[in-house]
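got a structure for you, letters missing:
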């Protein structure tokens, strides 16, 4: 089985959902520790209009900080989300290493988010992705609402695969499927990833789940079974909206790492550091976060002498 | 794939962990609605010493209520947990239809719970199970701490399988593996159930998970993949201990049903009734419960006209 790749998105997909604006110095402190824990990709923010999303107003500043020499492990990659050409331009100016951008597979979601149809949004994102790739950047293109939509309900699989085909035809082979509303179930997740890998065996295809209905980790394991190795997750399970009834955050990074390490994978990731950050996030947000392991404490490693299996 | 069987254990494994003693009339009201929802087996309580576990002091009374004619659907079964011969005797007197009893695969856990070694406890439980079967009752024997122990850590697989072999040799073919501490991970769960089914293909082997580290639903799907069809779960995710750091409850019944129904299984179970009970449990306990779906609200069924897939 290939090496698991962890993409920590809490500073972006998590904090953009919080009412409060977390100070830049606090984001830097968390970012430093998340990088020190050994996550592979750290998403620092999103290039959106600061008047609309003040939580992300310091994204360029964060990139300027972390792209200074010695500020991150050489193996780690800094990613940023862009929604449009203006955001791409800003990201190219401040050292983004990996650009993330996406198209919704729900017409309603696409029009609400971008004012465009799926077809138009797909064409635009492909052009942006090709421009970023031409600038020498890593690029990941995603299909949002790939497993269902909060507005439309079920999303036809063929529509998701149609967007995936468009990406592949454009030479884009680093993909992600995002379960924006949390509608995915393990069987559906495994089936959709199998269909994607059937289109393009061996590509990198990440997964991005929300725990709205309690299935984020179950869906991660289903995705892994289909061959997914790239996991997007948020420390403490950030990413839910505490001001609506639908409260599910992203897959919780440290819960996922705790589970994977129990199975012998990615044991070099420093779980204790992730748990420290999760506790600080909970204190900063002033509420109990969705993560389980930071509350229960991790299962102790068996003493070497105790052995067992 | 065989029909999923749901065993609701919240009134027992859930309420015994609560500090407050829920009034009998409230338990009856919840029990009636849980039965009306369509769960297959309802665990009403445990025959333990009322001075030690006052939460379970009315177990006999609950059986006397629900075994009156017309008080439950003909297809539903009422189960009760027994720990010793005295409990078995009391259960036989008040109409228990299915006796549940178990042995821990952890020596420390076994001695703390029963004062006996695993070997002695296994002999005792087998004798009790055979007595209950001889009295014409359904019997389920379980292995507790089957996936790890909060005191001992890892539990050797061979020890679990040794207890399973003892049960099978004694003619007991209705088994359950319980992840008492919540240490199971999907890969370990699937492997252990595969090993059990290799010993005795076609037996009924239930699963009982705790969500201490966020993996209860992931483990349910892993167990199902290995062939498990019997799921033990608690409404609202009852079963955690709110007074310790380790707060994980049982697999949450309505979250599991919501997920299964999304995949087309057990769609005749009345999810709305389960969600009502979960909300009442949360109100009664005075805190947010672990269940996700009762908080977020279920994913709406697509309108017939909308179709989609």
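Everything's here; your move. None of the values given here were measured: they were computed from a predicted structure.

buried stuff in the helix or strand bottoming out on mean pLDDT in chain A?
The weakest-scoring helix or strand in chain A, judged by mean pLDDT, DSSP states H and E, is helix A:107-114 (a mean of 92). For helix A:107-114, a neighbour-count test (16 or more other CB atoms under 10 Å in any protein chain shown) marks A:107, A:109, A:110, A:111, A:113, A:114 as buried. (Glycine included, C-beta is placed from N, CA and C.)

got it, and stretch A:226-235?
A:226, A:227, A:228, A:229, A:230, A:231, A:232, A:233, A:234, A:235.

Give me the phi and psi angles of the fifth one.
Listed backbone geometry of residue A:230 is phi -100, psi 120, with angles given as degrees, to the nearest 10.

Could I get the contacting residues of it?
Residue A:230 makes contacts with A:5, A:7, A:176, A:204, A:205, A:206, A:207, as judged by CB atoms under 8 Å, 6 or more residues apart in numbering or on different chains.

Next: the last one.
By CB under 8 Å, 6+ apart, the residues touching residue A:235 are A:8, A:10, A:14, A:30, A:34, A:252-254, A:274, A:277-278, A:281, A:291.

Filter these down to the ones in helices?
Those of the contacts of residue A:235 mapping onto helices are A:30, A:34, A:253, A:254, A:274, A:277, A:278, A:281, per DSSP state H.

pretty sure residue A:300 is touching residue B:152, no?
No: under the criterion of CB atoms under 8 Å, residue A:300 is not in contact with residue B:152, lying 10.6 Å apart.

Return the residues of the stretch 101-250 of chain A in contact with chain B.
Residues of the stretch 101-250 of chain A that fall close to chain B, judged by CB under 8 Å from any CB of the partner chain: A:148, A:152-157, A:181-183, A:185-188, A:211-215, A:217-218, A:220-222, A:245-248.

Show me where chain A has its strands.
Using DSSP state E, the strands of chain A run over A:5-8, A:41-47, A:77-82, A:98-104, A:138-144, A:174-179, A:204-209, A:230-233.

and these as TSV, adding mean pLDDT?
Shown next, in TSV, are these (pLDDT from 0 to 100):
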stretch	mean pLDDT
strand A:5-8	98
strand A:41-47	98
strand A:77-82	98
strand A:98-104	97
strand A:138-144	98
strand A:174-179	97
strand A:204-209	96
strand A:230-233	98
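
Could I get those in JSON lines, plus columns for distance to residue B:85?
Output for the strands of chain A, formatted as JSON lines (distance: least, CB to CB, whole Å):
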{"stretch": "strand A:5-8", "distance to residue B:85": "52"}
{"stretch": "strand A:41-47", "distance to residue B:85": "59"}
{"stretch": "strand A:77-82", "distance to residue B:85": "63"}
{"stretch": "strand A:98-104", "distance to residue B:85": "62"}
{"stretch": "strand A:138-144", "distance to residue B:85": "59"}
{"stretch": "strand A:174-179", "distance to residue B:85": "51"}
{"stretch": "strand A:204-209", "distance to residue B:85": "48"}
{"stretch": "strand A:230-233", "distance to residue B:85": "49"}
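
quick one on the thing from earlier: of the contacts of residue A:235, closest to residue B:266?
Proximity of those to residue B:266 (CB to CB) peaks at residue A:252, which lies at 27.8 Å.

if I look at the closest residue to chain B within the stretch 1-150 of chain A, how far off is residue B:60?
Here the stretch 1-150 of chain A gets closest to chain B at one residue, residue A:148, 7.1 Å apart by CB to the nearest CB. Distance from residue A:148 to residue B:60, counting by CB to CB, to the nearest Å: 46 Å.

what residue lies at the spatial centre of chain A?
residue A:232 (3.4 Å; CA atoms, centre = their mean).

wait, isn't that one in contact with residue A:205?
No: counting by CB under 8 Å, residue A:232 does not reach residue A:205; the two are 11.4 Å apart.

Of the residues of the stretch 101-250 of chain A next to chain B, keep whichever come out buried.
Buried among those by 16+ other CB under 10 Å: A:148, A:152-155, A:157, A:181-183, A:185-188, A:211-215, A:217-218, A:220-222, A:246-248.

so what's residue A:248 closest to, chain neighbours aside?
Once flanking residues are discounted, residue A:248 sits nearest to residue A:212: 3.1 Å by CB to CB, 6 or more residues apart in numbering or on different chains.

Quick check: phi and psi on the one you found?
Here is the backbone geometry of residue A:212 (degrees, to the nearest 10): phi -50, psi -40.

I'd guessed it sits against residue A:239; true?
No: at 10.1 Å, residue A:212 and residue A:239 do not qualify as touching, with contact defined as CB under 8 Å.

Touching both of these two, which residues are there?
With CB under 8 Å, 6+ apart, residue A:212 and residue A:239 have common neighbours residue A:248.

for the stretch 201-309 of chain A, what are the low-confidence residue spans?
A:241-247, A:303-309 (pLDDT under 70).

can you map out the helices along it?
A:216-226, A:253-262, A:271-285, A:293-296 (DSSP state H, counting those that start in this stretch).

Touching the shortest one from outside, list them.
This means helix A:293-296. With CB under 8 Å, 6+ apart, helix A:293-296 has contacts from A:236, A:252, A:254-255, A:258, A:271, A:275, A:278-279, A:282, A:288, B:182, B:212-214, B:245-248.

do the same with the longest one
Contact with helix A:271-285 is made by A:10, A:14, A:18, A:20, A:22, A:26, A:30, A:33-34, A:36-37, A:235-236, A:238, A:242, A:252-254, A:257-258, A:261, A:288-289, A:291, A:293-294, A:298, as judged by CB under 8 Å, 6+ apart.

Of these, select the buried ones using a ChimeraX command.
Restricted to buried positions by 16+ other CB under 10 Å, the ChimeraX selection for the contacts of helix A:271-285 reads:
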select /A:10,14,18,22,30,33,34,37,235,236,238,252,253,254,257,258,261,289,291,293,294,298
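
Residue A:53 touches residue A:17, doesn't it?
No: if you go by CB under 8 Å, residue A:53 and residue A:17 don't touch, sitting 10.2 Å apart.

Leaving out the residues flanking it, which one is nearest to residue A:227?
residue A:197 is the one closest to residue A:227 (CB to CB, 6+ apart), at 5.3 Å.

Is it correct that that neighbour is in contact with residue A:191?
No: between residue A:197 and residue A:191 there is no contact under CB under 8 Å: 11.1 Å.

overlap in contacts of these two?
With CB under 8 Å, 6+ apart as the test, residue A:197 and residue A:191 both reach residue A:226.

Look up how far residue A:33 lies from residue A:273.
5 Å.

And residue A:184, by the same measure?
The value you get for residue A:184 to residue A:33, if CB to CB is used, is 30 Å.

ditto for residue A:117
To residue A:33, residue A:117 is 42 Å away according to CB to CB.

before we move on, back to that, most neighbours of all the contacts of residue A:230, which one?
residue A:207 (29 neighbours; other CB atoms under 10 Å in any protein chain shown).

Run through the residues that contact that one.
A:176, A:177, A:179, A:189, A:193, A:219, A:220, A:223, A:228, A:230, A:231, A:232.

what do you get for residue A:93?
residue A:60.

Among the contacts of residue A:207, find me the one that's closest to residue B:67.
Of those, the one sitting nearest to residue B:67 (CB to CB) turns out to be residue A:219, at 41.2 Å.

and the residue nearest to residue A:227, how many residues sit next to it?
15.

Distance of it relative to chain B?
Residue A:197 sits 19 Å away from chain B, going by CB to the nearest CB, to the nearest Å.

per-residue confidence at that residue?
For residue A:197, the model assigns a pLDDT of 98.
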